[in-house]
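Colleague: one predicted model, sequence on top.
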Amino acid sequence: VWHVLRKPTSLEFKTVSKVSAIGILILGAIGFLIADGLKIIERLFI
């Protein structure tokens, strides 16, 4: 496996970084929406 590995090009690194950042932002937004939605539901029933 080590013989096949190579250093990523600048374009590959930027692409992977962008995709990772977008994924983290999406997961964070989903978590925020779930938490906020649960707070709203909790206020309605209390």
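Modeller: On my side now, so go ahead.
Colleague: can you give the contact residues for stretch 10-29?
Modeller: Pro8 (CB atoms under 8 Å, 6 or more residues apart in numbering). To be clear about C-beta, it is placed using only N, CA and C from the backbone, and glycine gets the same treatment.
Colleague: residues of it that come out buried?
Modeller: Applying a neighbour-count criterion of 16 or more other CB atoms under 10 Å, stretch 10-29 contains no buried positions.
Colleague: three-state assignment of Lys7?
Modeller: Judged by DSSP: H, G, I helix; E, B strand; the rest coil, the three-state class of Lys7 is coil.
Colleague: and for it, the neighbour number?
Modeller: 7 (other CB atoms under 10 Å).
Colleague: cool, Glu42 as well?
Modeller: Neighbour count for Glu42, taken as other CB under 10 Å: 9.
Colleague: what about it, distance to Asp36?
Modeller: Distance of Glu42 to Asp36, computed by CB to CB, to the nearest Å: 11 Å.
Colleague: would you map the helices across the protein?
Modeller: Along the chain, counting by DSSP state H, helices occupy 10-45.
Colleague: name the spans of it whose pLDDT lies under the cut-off.
Modeller: Low-confidence regions of the chain, defined by pLDDT under 70, are absent; no residue qualifies.
Colleague: redo that, cut-off 80
Modeller: Across the chain, the ranges flagged by pLDDT under 80 are 1, 46.
Colleague: report the central residue of it.
Modeller: The residue lying closest to the centre of the chain (CA atoms, centre = their mean) is Ile24, at 1.5 Å.
Colleague: for Thr9, see how far away Thr15 is.
Modeller: Separation of Thr15 from Thr9 (CB to CB): 9 Å.
Colleague: check Lys39 too.
Modeller: Computed with CB to CB, the distance linking Lys39 and Thr9 is 45 Å.
Colleague: burial count for Phe45?
Modeller: For Phe45, the neighbour count with other CB under 10 Å is 5.
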